[in-house]
Every structure is written in C-alpha cells, then in structure tokens.
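Peer 1: Sequence below, structure please.
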Amino acid sequence: MDGQKTVTADTVAEYYKPYGEYGDGSYAPGDVIEVHDLKQRLRCIIKATNVYTIEFGNIPEEVWRGEAFSSAEEFRECHIRCLPHLDLHDHFELVTLHFELVEIIAREITA
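Peer 2: Residues are numbered from 1 along each chain as shown. Below you'll find the model as predicted:
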C-alpha cells in the first residue's frame, strides 16, 4: 500500500483457477479488485492495468521492478524459495498482473 509494488505474478494454473463463490478465476485490465489480508480483512482496492504471460528465465524489468525487487535474479530467487513445490525452469510460465492503487481502506489493523 506504499505504492512500491505495482505487479504481482502467479502460476498460470493458479491465476486461472476459480475462487470463492463468484470468482471465475483471473482478472483483466480494467477490473477493480478488493485486496484482503490473510485474516480476510479488506485492506485496499486496486485496478488491473495489464495482464500477460512471461517465462521464468526471462523476467522483464517492468515486472521485477514492479514486484519491488532490485533485479530479475532476486525475483527468481524469491519465487524459488516461495514455490519450492514447483520446478521453476527457464520456460515455466507465469502470469503477471499489473495494477494501480485506487484506495487504501486500512493501513494498520489492530487485533
């Protein structure tokens, strides 16, 4: 919510998987998205600006910078650590969702 992160990446399978009662899976440019924390509290609202597929071995600068990393290598290392159950080879495809912050609902929430 500090404006540094403007991109998120997910596996193709997860990105297109239906979610919740009404979610059909995936977002398209122009979609307005509610972002909840791990306790299901609404934290902010974002708007999707671009969606496209990339290969793990070729991370565009706009993606690694948008995910607030200092390099493509740092992006790859973090995703390997966070997704140890996947074989993240050079041709593994990820979907990138580029977004802009529309509204902050709650910066900090006390328990």
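
Peer 1: how distant is the longest helix anywhere in the chain from the center of its chain?
Peer 2: In the chain, taking DSSP state H as the definition, the longest helix is helix 72-82. Put simply, helix 72-82 sits 14 Å off its chain's centre (C-alpha atoms, centre = their mean, to the nearest Å).

Peer 1: Repeat that for stretch 29-48.
Peer 2: Worked out by C-alpha atoms, centre = their mean, stretch 29-48 lies 11 Å from the chain centre.

Peer 1: circling back to that earlier point, model confidence over the longest helix of the chain, on average?
Peer 2: Here helix 72-82 scores 96 as its mean pLDDT.

Peer 1: Then stretch 26-44?
Peer 2: Mean predicted lDDT for stretch 26-44 stands at 90.

Peer 1: Mind listing what's buried along it?
Peer 2: Neighbour-count burial for stretch 26-44, counted by 16 or more other C-beta atoms under 10 Å, picks out 26-27, 35, 43-44. C-beta coordinates here come from the backbone N, C-alpha and C atoms, glycine included.
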